[in-house]
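In: need coordinates for the following:
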Amino acid sequence: MTTTHRILLTLCAACAAVPLRGENPQIPVPPEIIDPPWMASRRQTQLNGADSIGVLHRFSFTDRLIDSGIGFVHRVVDDAGRTYKPAHYDHGNGIAVADVDADGRLDLYFTTQVGSNQLWRNLGDGTFADITAAAGVAVTTPVGVTASFADVDNDGDADLYVTNVRSANVLFVNDGKGHFQDVTETSGLGYDGHSSGAVFFDYDRDGRLDLFLCVVGVYTTDELRTVANDATTTGYEAGEFLFYSAVKGAFGGHLQPERLRHSRLYRNLGDLRFEDVTEASGLLDDGFSGDAAPVDVNGDGWLDLYVLNMQGRDHYWENDRKGGFIDRSREVFPKTSWGAMGIQVLDVDNDGHQDIYITDMHSDMSTDIGPELEKFKSEITWKEPFLATGGQSIFGNSLFRSRGDGGFDEVSDEVGAENYWPWGVSAGDLNADGWEDLFVTSSMNYPFRYGVNTVLLNDGGHLVDSEFTLGVEPRRDGETAVPWFELDCSGDDYQHDDCEFQHGHVEVWGALGSRSSVIFDLDDDGDLDVVTNDFNSAPMVLLSDLSQKQPDLNYLQIRLTGTVSNRDGLGARVEVYAGGRSYAQIHDGQSGYLSQSSMPLYFGLGDATQADSVRVTWPLGAVQLIRGPIPGGRSIDIREQGPESPQGSLPSSDESQALHVMPGEDIQMALEQAADDAAIDRIIVHAGIYRPARPAQALIHFNARHDGLTLEAEGDVILTAANPDVADPRAKSFPAIVNHVVYFGDGITRQTTLRGFQITGANSFVTLSEGAGDIEPRATSHPALAKGRFFYSDGGGIKIFGRSYPTIEAVEVFDNYASPCGGGVSVEHRGFTDGAVLFRNSIFRDNRTQVTGAAIDLLGGSSAEIDNCLFVGNIANTGIDVVGMKSGAEHNPEHGSGALTVFPGSIALVRHSTFTGNWNGVDDHGSASRYVDSIFWHNTAEGGTSPLGRYEMDLFEGSGVTGCFVSGATADLRGSIDADVNRLDAPDPEFDDAYRPLALSYSGVGYRPVSN
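Out: Residues are numbered from 1 along each chain as shown. I've put the predicted structure just below:
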């Protein structure tokens, strides 16, 4: 503090600018914490811009602390106040919620540094009662830090774990009625170091919740001191309370190896016993860690762990699915927030992938800035010897947006995620519009200026600052500071910094500030409220009036009950489908800083009045569908069903239902679930790239049990055979790891539909045995269905086998290769011609094959209808017929090499389609095909092995051709192309500047009549 500030303080004490309490002058430190000069203008600026933001904001929060009856007041140790040191005591405490007594209402547990933690029972009318003593969860040993509710014994109630500084952490077991028993001594969880956040998650998928305990490095000495009492503490709990004195220079502890400690991983053994498996698991994290979050980064169904480091680089620990963890931090997150404090996993952009938002408080301590710079990253003044991260740091908040492939893009500045002095972050859809918003607790308190809590409303593309718009700031009655401690400046405290120019007793005030928050529906009115745990002051109880402003509020609250998985369902993925949109959340219990809660998930539905369905992927992998319609404005309970009954327990309509698949999820799993549920007839796959995870016959397969289902793309959906991260670079098929992208097996009728996908990436034969029995279980049910060489190697994009006649529409099959035949599609009916495959409104481009049928290959005895399709750039006959040579068969290089190849005994009906820019248009060896109203033009593309095989149409046995435009050479052995019923002299279609055919420009998809 400058001398000028001290003089101002002295002047203020003699005037009315700072009120007096009794006889002692009040000294605000620093002076501007009383009526901060920037607050009014900042508020007005935000209000002026409120109407221009594209997000619902016409509601507000009101602090109802007094009405709530909550009397808890947080209290700090002296080293965070009168004897302030820049140590980790200033990080504060958590707040957690759970229904501890099974009355259906969420209760509040506050932790504090000095005095008893407190449990407040929700009475259901917006008021609370202190039941700490009756519940037996006070914990007065020095010094409290965090609280986590979790059902550790799977008996259906919320147990409680409390962490402390240098006294044993405590595990309380709930009897189901809100009475708790301390079982720490036998649990194995009584760690007594510098504990911080406690995260329960089932890392080994055994159905029991394990524990990751964050441990901060050593920041205290062995000196045990008594917390001072004075006139400012008369309202606190009476008694003598102890704490360990903070280390001077604690903020540099990350540079001192002797002060580093490993965080701890405990495996739940059952029977309320835990085993420390830190070393055995390889999870040796010695950062100054305050908090962590479980998140399935790589989408393998096993929870990984993101561990914050408040002084250095964060760590990402990947679950190896064998009980251990692998540090893949720099591979996945090259740069992380240097002073990471809070973390929240959420789908910020509603693309089905979980993103990670991290607050960075410590970077903001490098430079003291004014409010006008709070939305910018810190201009860090510390040098690399102190930072010690090798330039791999972000100095401010970070928002890692998932790409859906296990990678992330850091977009915090792009979306507006920055603020100043942030601690914890909570996510919730505050305006129920379907986009999760953020509440960020902020401010540094004494001896720093006031900092506002931040509310970020999510408009779908940006996070919009809204704390003034929604009435969160200014606080109740405009308060920005409270009494912090009292000094005797004429006595023992005369050397204290705040006694400069002061005499006698003075009351030092410090800025208000929050540390943790929890978002939940406190008053059961359908909207989300916020409760904070502040630092050295009373909490805020912020009640929303959204439900009053919008009486017909559309939302769904979902509480999970695991049976095979852990009882809380922690780790489950919940997807709600409503109004043509999908919303996904991971149930991790995390809300705010230093806390874990047991509470329902909240989904705003926007304008949708009902949910079409709810899908739960349970922690152990089971997928459960709750069929709608489910009316909005209600809470539902979903209980995990056993494998014999995968459907949900809610009433459903008699109408057919859709199942949704999001990027990173398994389409095949959805097909299997739909096959088991007669009410599901459609699977909707949402935009993204879907790859195989391991070598197999196909990415997706249909057989008789899937008949009648529709698999449909929503948006830009790519199905690919390629996975370069898994494929062997030395393999001929690299990067493909499956033979077929999509496989249709025996027993499929025209009622089975594939619609709207992009199908690509096939690259030659991959495997003979992987999963062949799975995709074609009936292949031995008829002698004609024995698996020959074509079963495995033909049909890179799509393979259709046996008595299989699906509908394939609006697909784009491109850039596939097969050896020997059917780069795009292979149809192998084996003589079963009682039906035909239907291709319509589709594009086949740039596919290649070693021998025949670059786009579509109709093997002997197969049938297909092709309507309004485009064939362009497909190259057949790219090499010697190796398979044919090995089998003794003969191959004629002058024929059989079209974009469409029809073998003897096969039939094609082609209507309204365009063939251009291919190596041969059609090669038809059949006798009964028909080509109607289609275009065959410039099918002389380079790339095949035969210089003779350049034909628009190569027809053998008298196929019918009617109303077609055929512009070039033909091999018409039976005179099928009659000039009287076809056009052979019409003008050419258009070219581009590189003399490439503009087939797409003159085809709706395929056909457009050619005119003079």
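
In: what is the burial count for Ile737?
Out: By other C-beta atoms under 10 Å, the residues close to Ile737 number 27. The way it works is simple: take the backbone N, C-alpha and C, and place the C-beta from them, glycine included.

In: that one reaches Ala727, doesn't it?
Out: Yes. The criterion here is C-beta atoms under 8 Å, and Ile737 meets it with Ala727 at 4.9 Å.

In: Arg225: how many residues sit nearby?
Out: Arg225, neighbours per other C-beta under 10 Å, totals 17.

In: list the contacts for it?
Out: Neighbouring residues of Arg225 by C-beta atoms under 8 Å, 6 or more residues apart in numbering: Asp78, Leu242, Phe243, Tyr244, Ser245.

In: pull out the buried members of those.
Out: Asp78, Phe243, Tyr244, Ser245 (16 or more other C-beta atoms under 10 Å).

In: which of those residues fall in strands?
Out: Among the buried ones among the contacts of Arg225, the members falling in strands (DSSP state E) are Phe243, Tyr244, Ser245.

In: which parts of this protein belong to which domain?
Out: Domains of the chain are assigned by automatic domain parsing as 35-475+512-549, 656-794, 819-1012.

In: so which of the ones you listed is nearest Glu575?
Out: Between Glu575 and these, the tightest spacing by C-beta to C-beta is seen for domain 656-794, at 6.3 Å.

In: now the closest one: average pLDDT?
Out: Mean pLDDT, domain 656-794: 83.

In: for the contacts of Arg225, which one is nearest Val482?
Out: Comparing the contacts of Arg225 against Val482 with C-beta to C-beta picks out Asp78 as the nearest, at 16.3 Å.

In: just checking, that closest one touches Ala228?
Out: Yes. Asp78 is in contact with Ala228 according to C-beta under 8 Å; the separation is 5.7 Å.

In: who touches both of those two?
Out: Common neighbours of Asp78 and Ala228 (criterion: C-beta under 8 Å, 6+ apart): Phe485.

In: ok so, going back, tabulate the contacts of Arg225 (a markdown table), appending distance to His315.
Out: Formatted as a markdown table, these follow (distance: C-beta to C-beta, whole Å):
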| residue | distance to His315 |
| --- | --- |
| Asp78 | 33 |
| Leu242 | 33 |
| Phe243 | 29 |
| Tyr244 | 27 |
| Ser245 | 30 |
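
In: which one among the residues you listed gets closest to Trp317?
Out: Closest approach to Trp317 among those (C-beta to C-beta): Tyr244, at 29.7 Å.

In: grab the nearest non-local neighbour of that closest one.
Out: Distances taken as C-beta to C-beta, 6 or more residues apart in numbering put Thr220 closest to Tyr244, at 3.8 Å, once the chain neighbours are dropped.

In: so how far is Leu242 from that neighbour?
Out: Distance of Thr220 to Leu242, computed by C-beta to C-beta, to the nearest Å: 12 Å.

In: ok, Leu984 - contacts?
Out: Contacts were defined as C-beta under 8 Å, 6+ apart; by that measure Leu984 touches Phe965, Val966, Ser967, Ile977.

In: so the first one bridges to which residues?
Out: In this case it means Phe965. Phe965 has these beta-bridge partners by DSSP bridges: Ile935, Arg983.

In: surely it and Asp933 touch.
Out: No. Contact between Phe965 and Asp933 fails when scored by C-beta under 8 Å: they sit 9.1 Å apart.

In: higher neighbour count, those two?
Out: Neighbours were counted for Phe965 and for Asp933 using other C-beta under 10 Å; Phe965 has more, 24 against 18.

In: so how far is Gly917 from the more buried one?
Out: 15 Å.

In: bridged to Arg581, which residues?
Out: Taking DSSP bridges as the rule, Arg581 bridges to Ala578.

In: ignore what I typed, I meant Gln758.
Out: Gln758 forms beta bridges with Ile718, Glu812, as assigned by DSSP bridges.

In: okay, now it: neighbour count?
Out: When neighbours are defined as other C-beta under 10 Å, Gln758 has 20 of them.

In: correct me if wrong: it contacts Glu812.
Out: Yes. With contact defined as C-beta under 8 Å, Gln758 reaches Glu812; the gap is 4.8 Å.

In: find the nearest non-adjacent residue to the residue nearest the centre of the chain, please.
Out: Using C-alpha atoms, centre = their mean, the residue of the chain that lies closest to the mean C-alpha position is Gln354, 1.0 Å off. Once flanking residues are discounted, Gln354 sits nearest to Val345: 5.2 Å by C-beta to C-beta, 6+ apart.

In: now do Lys799
Out: Lys799 sits nearest to His740 (C-beta to C-beta, 6+ apart), 4.2 Å away.

In: and that neighbour, what helix or strand is that in?
Out: His740 is part of strand 738-744, with elements assigned from DSSP states H and E.

In: likewise Val472?
Out: Applying DSSP H and E, one finds Val472 in no helix or strand.

In: if I pick it, what's in contact with it?
Out: Contacts for Val472 were tallied using C-beta under 8 Å, 6+ apart; they are Phe61, Phe439, Asn453, Val455, Val530, Leu542.

In: settle this for me: the second one is touching Trp423, isn't it.
Out: By that I understand Phe439. No. In this structure, Phe439 is not within contact of Trp423 by C-beta under 8 Å, at 11.1 Å.

In: going along the chain, name the helices of the stretch 251-400 of the chain.
Out: 278-281, 329-332, 384-387 (DSSP state H, counting those that start in this stretch).

In: relative to Phe520, which of those helices is closest?
Out: Minimum separation from Phe520 across the helices of the stretch 251-400 of the chain (C-beta to C-beta) falls at helix 329-332, 31.5 Å.
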